[in-house]
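Asks: any chance you could fold what I've pasted below:
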Amino acid sequence: MAPSQSTNDLLTAWTISHGNLRRFLEETALPPLGPKAQEEAGEAAAEEAIKTTFGLGIDAYAGGVDAVTGAYEAAGAHHLSTPDPDIPQEEGVAAFFDVDNTLIQGASLIMFAVGLAKRHYFRTRELIPFAWKQVKFRVGGSESATDMAKGREQALDFIKGRDVDELVALCEEIVDENLPDKIWPETSELAAMHLAAGHQVWLVTSTPVQLAQIIARRYGMTGALGTVAEVKDGKFTGRLVGDILHGPGKSHAVAALSTIENLDLERCTAYSDSINDIPMLSMVGTAVAINPDRALRSEAKKRGWEVRDYRSIRKLALRIGLPAAVVALVTLVGSAAHAKGHQD
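Replies: Below is the predicted model of the structure:
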């Protein structure tokens, strides 16, 4: 049975106002399996980007990046979106955006799951075994690496044997139906600014890669790195490749991608809301905390990173009834002032 509208509203409100759901998923329900699994997840994310755009596996690059890169670049349209031909491309520069609470309000995985439930893609009883196992782990404190790995497989049981193309088509419907109301316009504008400057723009997220790639396409972004579910003969096997793409995995994915794309990370920028993304934020020349959690806000202050909190602007608008145009103006003025301060 599909969730009621009131249930959906409660989930959305809780996620947006507190940003707790992502932390719960990443730190409690589905924490990283370990360094090796995260490295595999990061490499799988980069490989999926290559396969999607060029049909090559990452092993091809391990044998000689320089030899393959020329052919890769010569292929032309090797990204999800084609850059504007009127915009000179700045080689070696990219911006990396986290998705949940950074680009969109709340958790993309919940948006995805609720959308699938509405379409009767799975039934509630299919999720109960996984939920119960997580509760047992928290209460009993008997979690092990083996248990956690098994829990990952249980979490993917509901897509085992399903057709990839079918899920992608559903993802496109869900994104078109929900994303316009959930996107942070200010973050979207930042991505557009990078594209207008001739930079590559990549999403880097724990969200399933199929969903992340659709979001990237919709906003004209270069591509997306996300969690990879194993596929054989066009169907999901029910297993992950490596692990869910957590913070450490994201840094592996960005490192692999930067080698493939000849990126100069010192000239690149990364955006995130979460302390868990410190590995990715630390590897680029410019790190920006967007709608940060308390820990990231503190760390950003220590490191001198820019902080942009669009939640406070939205709350002010709701409290005193500012029209959307005024909110946008306040945001732009603030951004311009910050930029001028850096120039001075």
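
Asks: parallel or antiparallel, list what pairs with the host helix or strand of W202.
Replies: Assigned by DSSP states H and E, W202 falls within strand 200-208. Here strand 200-208 has these sheet partners by DSSP bridges: strand 94-97 (parallel), strand 223-227 (parallel).

Asks: of those strands, flag the one that's most buried.
Replies: Mean neighbour count (mean count of other C-beta atoms under 10 Å) peaks for strand 223-227 among the strands paired with strand 200-208, with a mean of 28. Any C-beta I mention is one placed from the backbone N, CA and C, and that applies to glycine too.

Asks: and the strand holding W202, average pLDDT?
Replies: The predicted model gives strand 200-208 an average pLDDT of 93.

Asks: what sits up against the next helix or strand after it?
Replies: Beyond strand 200-208 on the C-terminal side, the first helix or strand identified by DSSP H and E is helix 209-218. Applying C-beta atoms under 8 Å, 6 or more residues apart in numbering, the external contacts of helix 209-218 come out as 45, 48, 52, 80-81, 99, 103-104, 108, 112, 164, 167-168, 171-172, 174-176, 179, 201-203, 205, 221-229.

Asks: now list the buried members of those.
Replies: 45, 48, 52, 80-81, 99, 103-104, 108, 112, 164, 167, 171, 174-175, 179, 201-203, 205, 221-229 (16 or more other C-beta atoms under 10 Å).

Asks: sorry, back to before: of the contacts of helix 209-218, which belong to strands?
Replies: The strands, defined by DSSP state E, take in 201-203, 205, 223-227, 229 from the contacts of helix 209-218.

Asks: show me the shaky parts of the stretch 51-200 of the chain.
Replies: For the stretch 51-200 of the chain, the stretches with pLDDT under 70 are 51-78, 123-155.

Asks: let's see 90
Replies: 51-84, 106-160 (pLDDT under 90).

Asks: coming back round to it: now the strands paired with strand 200-208 as a markdown table including distance to P248?
Replies: Below are the strands paired with strand 200-208 laid out as a markdown table (distance: least, C-beta to C-beta, whole Å):
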| stretch | distance to P248 |
| --- | --- |
| strand 94-97 | 15 |
| strand 223-227 | 13 |
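
Asks: for E189, find the nearest of those strands.
Replies: strand 94-97 (11.9 Å; C-beta to C-beta).

Asks: contact partners for A300?
Replies: Contacts of A300 by C-beta under 8 Å, 6+ apart are 287, 289, 292, 306-307.

Asks: 7 Å instead, please
Replies: Contacts for A300 (C-beta atoms under 7 Å, 6 or more residues apart in numbering) come out as 289, 292, 307.

Asks: also Q38?
Replies: 32, 242-243, 246, 248-249, 252.

Asks: quick one: which of these has the most company?
Replies: G249 (30 neighbours; other C-beta atoms under 10 Å).

Asks: that one reaches E40, doesn't it?
Replies: No: assessed by C-beta atoms under 7 Å, G249 is found out of contact with E40, at 8.2 Å.

Asks: mutual contacts of these two, please.
Replies: D243.

Asks: just to revisit the earlier point, among the ones in strands among the contacts of helix 209-218, find me the one that's closest to I159.
Replies: Nearest member of the ones in strands among the contacts of helix 209-218 to I159, counting by C-beta to C-beta, is A229, at 6.7 Å.

Asks: quick one on the thing from earlier: for the strands paired with strand 200-208, which one sits closest to T269?
Replies: strand 94-97 (4.6 Å).

Asks: export only the CA atoms of that closest one, formatted as PDB.
Replies: The C-alpha trace of strand 94-97 is given here as PDB (Å, rounded to 0.1, in the frame of the first residue of the first chain):
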ATOM      1  CA  ALA A  94      35.500  21.100 -12.100                       C
ATOM      2  CA  ALA A  95      32.900  21.600  -9.400                       C
ATOM      3  CA  PHE A  96      31.700  18.600  -7.300                       C
ATOM      4  CA  PHE A  97      28.300  18.900  -5.600                       C
END
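
Asks: what's in contact with that strand?
Replies: 103, 191, 194, 199-204, 254, 263, 268-271, 280.

Asks: what about 8 Å?
Replies: 103, 187, 190-191, 194, 199-204, 221-222, 254, 258, 261, 263, 268-272, 280, 284.

Asks: what is the neighbour count of E39?
Replies: 19.

Asks: so which bits of the strand or helix carrying it are buried?
Replies: Here E39 sits within helix 35-53, counting by DSSP H and E. Residues of helix 35-53 classed as buried by neighbour count (16+ other C-beta under 10 Å): 37-50, 52-53.

Asks: next one: stretch 249-264
Replies: 249-258, 260-261, 263.

Asks: got the CA coordinates for that stretch in CSV?
Replies: Output in CSV follows, covering the C-alpha atoms of stretch 249-264 (Å, rounded to 0.1, in the frame of the first residue of the first chain):
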residue,chain,number,x,y,z
GLY,A,249,34.3,6.5,-1.2
LYS,A,250,33.5,9.9,-2.6
SER,A,251,37.1,10.9,-2.3
HIS,A,252,38.2,7.7,-4.2
ALA,A,253,35.6,8.4,-6.9
VAL,A,254,36.8,12.0,-7.3
ALA,A,255,40.5,11.0,-7.4
ALA,A,256,39.8,8.4,-10.1
LEU,A,257,37.7,10.8,-12.1
SER,A,258,40.3,13.6,-11.8
THR,A,259,42.9,11.3,-13.3
ILE,A,260,40.6,10.3,-16.2
GLU,A,261,39.5,13.9,-16.9
ASN,A,262,42.9,15.4,-16.3
LEU,A,263,41.5,17.7,-13.6
ASP,A,264,43.7,19.9,-11.5
